[in-house]
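Enquirer: show me the folded form of this:
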Amino acid sequence: MPQILSFVPNIPRLQKSVKSYITTFAFVNQNPFELLKTSDKSKARRGRIRTAHGDIETPIFMPVGTLASVKGLSVRDLREMQAQIILANTYHLYLRPGTKLIAEAGGVQKFMGWNGPMLTDSGGFQVWSLKDFRHITEDGVEFKSLLDGSRHKFTPESVMQAQREIGADIIMAFDECTPYPSTVEEASHSLDYTLKWTRRAMNWLAENPPLHGYPQFFFGIVQGGMHKELRKKSIEALKELAPDGYAMGGLSVGEPVETMYEIADFCTNSLPADRARYVMGVGTPWNLLSLIARGGAAGIKFMDLPAGARVGTGSIRRVVQLKALRPDLEYVPIRGNIQTRLGKLAELDAVVLAAAGLKRMGLADQVTEYFSTEQILPASGQGILAIETLCSPSDELVSQLARVNDAESYAIAVAEMAYLKALNAGCQFPVASFAEFVDGSESARIMKIRGIYWDEPSKRLLRAEVSQIVQATSDDATVHARSIGIALAQKIREQL
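Expert: Model prediction:
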């Protein structure tokens, strides 16, 4: 297997993130969002959302208060930690204690004793997640309460009425969350419902003003699954409707974190710059920082680093290849385990590490970019597991190991190590190779091997490539593979 390298930027250091604080202003215009600054190093934005209950300085994390209460924290705690906006959920408040009771209290802020801004989710995800207890139609969603078994129906109109009664400053469209994975047809059908429901919701809101004497701002939700063409369709349709803000839904629903970042990055390229953006349901600290950098509140990439940025890595082999891509950066050697190296982000702009280690430790969500073997070649033999024995060829253990041996991986290892030996290079030398079978039949396939070699006297990174037919399952496969590695080394020598 190839070694995939991963890129981990220090987004806070690159962006010089802004401290959050709460200030109260009078409501001025219909669009509550003011764009204050856009980073020149990423797509990160700094802005302000003005509401009747105070301003929200963005980017900001929104604590979850599903039932108009943040678990484990009092309202005083929220004020002391400078929480700027609290999220509550329409579905849960509708079932208990009931939105009419909240309306009688004067709205959700008075109900919970919180005088800051509030946002309510529409409950679309919650009713969608009920699965066996709900039925979705074009008109809305019928579902059974898990509290007492009673039956209910949510429509775009009834959900907007519930959110009028709750009285949050920002209210969300009623949408159908697209599952992961989903086909284009499934995601398209789900998106059609969401867009139709959004139009109906906005029509109802236009005829039914807020109940508590202050503005409520409506955010549309971008759906479309992991299909970019559908995400684009969703954004263009929402632009015609012109909601007060835009949310990205259907993320962090089981897809790889790299896919989440890719879709968020794609969406923010098309969202209106003058409107607020809300990434829904994404919660790890690094997710938030990566999405901010993509303009979603996904991350800064190696080629986007500013000149002079400091990048840490622990391999001379990587450094010479990184320099070939970006000679204008400063490369700093780092040592230690993964956590120690990640800790160097306090003083560096980014670090380059082996992706396998990050994934084993559950830290894949910190990666914002994976280098391909077209960009950086791994060490010779990297990622191949081998067992060395002291047995004679006739020993039973040898025959047992032969049954689990992968002939192609063995041939690849032989070719790469032959290249290394022919150059008389060790593990600490800036040399790398990567072999793979790319074409051919089962009996005779084409092996391609690429290699790099750093020539210190001339300060040049030398590259070469060889392709030959190898019969991986034949008795002389080892001989063929070794000859390919040696041929690659010879091509390198010819450049010296």
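Enquirer: only C-alpha atoms from now on, for both contacts and neighbour counts.
Expert: Will do.
Enquirer: can you list the low-confidence ranges for the stretch 51-200 of the chain?
Expert: By pLDDT under 70, the stretch 51-200 of the chain has no low-scoring segment.
Enquirer: where along it do the helices fall?
Expert: Counting by DSSP state H, counting those that start in this stretch, the stretch 51-200 of the chain has helices at residues 75-80, 90-95, 99-104, 108-112, 124-128, 156-166, 184-207.
Enquirer: how about the nearest residue to residue 328 once chain neighbours are set aside, phi and psi?
Expert: In this structure, residue 328 finds its nearest non-sequential neighbour in residue 307, 5.4 Å apart by Cα to Cα, 6 or more residues apart in numbering. The phi/psi pair for residue 307 (degrees, to the nearest 10) reads phi -60, psi 140.
Enquirer: and the residue of the chain positioned farthest from its centre, how far from residue 411?
Expert: Farthest-out residue of the chain from its mean C-alpha position, per Cα atoms, centre = their mean: residue 394, at 51.8 Å. Using Cα to Cα, to the nearest Å, one gets 22 Å for the distance from residue 394 to residue 411.
Enquirer: likewise for residue 378?
Expert: Counting by Cα to Cα, the gap from residue 378 to residue 411 is 17 Å.
Enquirer: go on, residue 126?
Expert: Going from residue 126 to residue 411 by Cα to Cα gives 52 Å.
Enquirer: which of the two has more neighbours?
Expert: residue 411 (24 against 16; other Cα atoms under 10 Å).
Enquirer: distance between the ends of stretch 321-329?
Expert: Terminal residues of stretch 321-329 lie 12 Å apart, using Cα to Cα.
Enquirer: SS state for residue 421?
Expert: Look at residue 421: counting by DSSP: H, G, I helix; E, B strand; the rest coil, its state is helix.
Enquirer: which residues touch the host helix or strand of residue 323?
Expert: Element membership of residue 323, judged by DSSP states H and E, is helix 316-325. Here helix 316-325 makes contact (Cα atoms under 8 Å, 6 or more residues apart in numbering) with 313, 329, 331, 375-376, 379, 428-432, 454, 461.
Enquirer: with stretch 135-146 instead?
Expert: Residues from elsewhere that reach stretch 135-146 (Cα under 8 Å, 6+ apart): 95, 127, 130, 133-134, 150-156, 193.
Enquirer: so what are the domain limits for the protein?
Expert: If you go by automatic domain parsing, the domain ranges for the chain are 62-282, 396-493.
Enquirer: compare those and give me the one nearest residue 370.
Expert: Closest to residue 370 of the domains of the chain, according to Cα to Cα: domain 62-282, at 8.9 Å.
Enquirer: other SSEs contacting the host helix or strand of residue 48?
Expert: Secondary-structure assignment from DSSP H and E places residue 48 in strand 45-51. When contacts are defined as 3 or more Cα pairs under 8 Å, 6 or more residues apart in numbering; DSSP states H and E, strand 45-51 packs onto strand 33-38, strand 54-58.
Enquirer: neighbouring strands - and their directions - for the helix or strand residue 247 falls within?
Expert: Using DSSP H and E, residue 247 maps to strand 245-248. Here strand 245-248 is paired, per DSSP bridges, with strand 217-222 (parallel), strand 276-279 (parallel).
Enquirer: dump the longest one to CSV, restricted to CA.
Expert: Below are the C-alpha coordinates for strand 217-222, written out as CSV (Å, rounded to 0.1, in the frame of the first residue of the first chain):
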residue,chain,number,x,y,z
PHE,A,217,-34.7,35.7,10.2
PHE,A,218,-35.3,32.7,8.0
PHE,A,219,-32.3,30.5,6.8
GLY,A,220,-32.7,28.2,3.8
ILE,A,221,-30.9,24.9,3.9
VAL,A,222,-28.6,23.6,1.1
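Enquirer: quick one: contacts of it?
Expert: By Cα under 8 Å, 6+ apart, the residues outside strand 217-222 that reach it are 32, 169-173, 175, 198, 231, 234-235, 238, 243-249.
Enquirer: again with stretch 223-239
Expert: With contacts defined as Cα under 8 Å, 6+ apart, stretch 223-239 is touched by 177-182, 184, 187-188, 190-191, 194-195, 220, 222, 248-251, 259, 263, 266-267, 270-272.
Enquirer: nearest residue to the middle of this protein?
Expert: Nearest residue to the geometric centre of the chain (Cα atoms, centre = their mean): residue 261, 3.0 Å.
Enquirer: now name the helix or strand holding it.
Expert: Applying DSSP H and E as the criterion places residue 261 in helix 257-268.
Enquirer: any idea how far apart the tips of stretch 417-428 sit?
Expert: Terminal residues of stretch 417-428 are spaced 14 Å apart (Cα to Cα).
Enquirer: do stretch 162-173 as well
Expert: Start-to-end, stretch 162-173 (Cα to Cα) is 12 Å.
Enquirer: for residue 467, give me the pLDDT.
Expert: For residue 467, the pLDDT comes out at 94.
Enquirer: what number of residues lie near it?
Expert: Using other Cα under 10 Å, residue 467 is surrounded by 17 other residues.
Enquirer: in a strand, it, correct?
Expert: Yes: assignment of residue 467 by three-state DSSP places it within a strand.
Enquirer: for it, give me its contacts.
Expert: 446, 447, 448, 449, 484.
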